[in-house]
Every structure is written in C-alpha cells, then in structure tokens.
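In: Structure here, sequence nowhere to be found:
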C-alpha cells in the first residue's frame, strides 16, 4: 500500500512539474510576442499601447530567474528606453537603458552582445538627447540599432540606413540570383525554379511581378528602387518569404493577402507614399515581422 501511495505521489509530482513547465514555456513565448508588438507600436507612434505591451511582457517574466527570463526582461527595459526617448523623456530613457545594460553585462559574455549595442545607444542619447528617433531591429535574438536622420526636409526621402543582418547570400550560390541594375521590367526567363534568394533592385518594374508566386522556395526578395505602385493579391502566395525589401518605390496600396506571410521576418517599406492606416494594418496582422517604414507625425484636430 505504501509503495502504491509513493508511486502515486511521484506520478502526480511529475505531472505537476510538466504542467508548470508547459505553462512557463507558453508565458515565455507570449512575453516575446508582447515585446515585439510593443516595439512595432512604438515605431507607429502609438506609445501608450507600446508601453502596455511591454508592461505585460515584464509581468509574464517576473520571477523567471533563468537566462531567458533575465535576457528578455532586459530587452523589455531596452525597448521601454527607446519608447521613453521617442516621447522626449530622457531621464526615464536613461534609467531604463542602464537597467537593461546592467543585466546584459551580468548574463552575456560575448564581446559583441546586446550590452554593447545598448551602450552605444546610451551614448547617443547622452550626446543627442531625446527624442532621437531610434529605429530598433532584432535579428537572431540580438538587438541592432540604426538612428534615423531627422534633419532633412520631410518631403525628401532619406536613403535608408543599412539593414544590419539583412543581406542576400553571395551570388555564387546556385540558389541565389542578383539582377540589380540590369534594366529589367520583367522576371528573367532563366530563373531556376528552386531559387531562394533574388535581388531585382534598381530596375524598371512598374508592377509587382505576378510570376514570382511560382517560386515556392523564395525566401529573400529585393525589389527596392523600382517603380512599383501596389502589391497585388498574389503576394500572399509567397509563403516562404522571410525578407521582403520594397523601399524606394511608389507603393500606395498593399493587398490584405500580405497578411498570409507568417514566415516574414523583415519588411522594408520606407520611401513609399503609404498612408499610416496601411502601416497600422500591417503591424496588426504581422506582429512578428520587423517593419521598416517612414516616420509619421500625429496631427491633432483643431477644435471648431
């Protein structure tokens, strides 16, 4: 009888530990999602919503003393700092960033880790002040930053800062093709069916090439610096895409089908005449995508 009771206790303990582990994993995944959503809303100028998501993330991570918990709590503090800085609150931004750096220094040993990027950002805030319009990007769990130049005329397009960590594999690969600056207006006929990385930048495309949807393995697509006016519905068929560069076009409309691209990690839309409603739609339907877009200024309505 005692043996049976002991066995039952062991089984119940195992089930309890397993249930707690699953719950913790779900909380961790949700916390990461909230942090990414917070940054997306920060980029869109929705600072109150951004802070709500970041607060939710920190609440889920509270008490998680693993490397994961400490790392993502520090990341949340770092995103809080950028949100505060965008709002012109330099002291709060500095405090949040120092907190993130302190944690990073304790848990990350590699010399080029998140702590170094955060320290560079802290120096920028100290030198330039707030707001300094920081654009934050995350690749492979490391936070990368690129300051936006705000001194030029609003009507002029500023050359995008390089997307750190985003580049097409060398053209020597059999699955990569680089046709940039080739005076093309259509997709080359000799494009291999298994192509994964395709660069068509700086050509003469006036519409999105519908034939591209046939290339089911395509992961990286660069159509920047063309004359595209809209993204047609067939964009939603390119479900393997992880990087889509469309900066410096004339895009004013994007098909809702782009929301089907659940594997999309990076989307660059800077330098296009897009309304903020289009950007907001993308932020909401692609919460795990890092979206580069032009900055929008909130305009308050005048009372009559």
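Out: Yep, it's here. Keep in mind that what you see is a predicted model, and the values were worked out from it rather than measured. Numbering: from 1, shown residues only.
In: Dig out what the residue lying closest to residue 191 once chain neighbours are set aside forms beta bridges with.
Out: In space, not counting the residues next to it along the chain, residue 191 is nearest to residue 177; the distance is 6.3 Å by C-beta to C-beta, 6 or more residues apart in numbering. For every residue, glycine as well, the C-beta is placed using N, CA and C. For residue 177, the beta-bridge assignment (DSSP bridges) gives partners residue 198.
In: give me every residue that touches residue 177.
Out: In this structure, residue 177 makes contact with 171, 188, 191, 192, 195, 197, 198, 199, judged by C-beta atoms under 8 Å, 6 or more residues apart in numbering.
In: Give me the buried subset of the residues you listed.
Out: Of the members of the contacts of residue 177, the ones counted as buried by neighbours, 16 or more other C-beta atoms under 10 Å, are 191, 195, 197, 198, 199.
In: which residues touch residue 265?
Out: 242, 243, 288, 289, 290.
In: wait, the second one sits on residue 219?
Out: Yes - the pair residue 243 and residue 219 qualifies as a contact (C-beta atoms under 8 Å) at a distance of 6.9 Å.
In: quick one: low-confidence parts of the stretch 1-150 of the chain?
Out: Counting by pLDDT under 70, the stretch 1-150 of the chain contains low-confidence ranges at 1-26, 112, 128, 131-150.
In: What ranges does the stretch 1-150 of the chain have for its strands?
Out: Residue ranges of the strands in the stretch 1-150 of the chain, as given by DSSP state E, counting those that start in this stretch, are 134-139, 142-147.
In: To what extent is residue 52 buried, counted in neighbours?
Out: Number of residues near residue 52 (other C-beta atoms under 10 Å) recorded here: 15.
In: if I look at it, how far off is residue 101?
Out: Residue 52 sits at a distance of 24 Å from residue 101 (criterion: C-beta to C-beta, to the nearest Å).
In: With residue 228 instead?
Out: With the distance defined as C-beta to C-beta, residue 228 ends up 41 Å from residue 101.
In: what do you get for residue 90?
Out: 16 Å.
In: Of the two, which one has the most company?
Out: Between residue 90 and residue 101, residue 101 has the larger neighbour count (other C-beta under 10 Å), namely 22 against 17.
In: How many residues are close by residue 211?
Out: Other residues near residue 211 come to 12 when the count uses other C-beta under 10 Å.
In: and it, helix, strand or coil?
Out: When the structure is split into helix, strand and coil by DSSP: H, G, I helix; E, B strand; the rest coil, residue 211 lands in helix.
In: So which bits of stretch 226-242 are buried?
Out: Neighbour-count burial for stretch 226-242 flags 226, 228, 231, 232, 234, 235, 236, 237, 238, 241, 242 (criterion: 16+ other C-beta under 10 Å).
In: Please name whichever of the residues you listed scores lowest on pLDDT.
Out: For the buried residues of stretch 226-242, the model is least confident at residue 232; its pLDDT is 84.
In: Tell me the spacing between the closest residue to it other than its chain neighbours and residue 127.
Out: If the residues on either side of it in the chain are set aside, residue 232 comes closest to residue 208, at 5.2 Å by C-beta to C-beta, 6+ apart. Residue 208 sits 42 Å away from residue 127 when distances are taken as C-beta to C-beta.
In: Can you pick out the residue with more neighbours from these two?
Out: Counting neighbours by other C-beta under 10 Å for residue 208 and for residue 127 shows that residue 208 has the greater number, 23 against 8.
In: isn't the more buried one right next to residue 227, touching?
Out: No - under the criterion of C-beta under 8 Å, residue 208 is not in contact with residue 227, lying 11.0 Å apart.
In: quick revisit: quick one: residues contacting the residue nearest to residue 232.
Out: Neighbour list for residue 208: 223, 228, 230, 231, 232, 234, 235 [criterion: C-beta under 8 Å, 6+ apart].
In: now do residue 286
Out: Applying C-beta under 8 Å, 6+ apart, the residues contacting residue 286 are 258, 259, 261, 264, 267.
In: pLDDT at it, what is it?
Out: 87.
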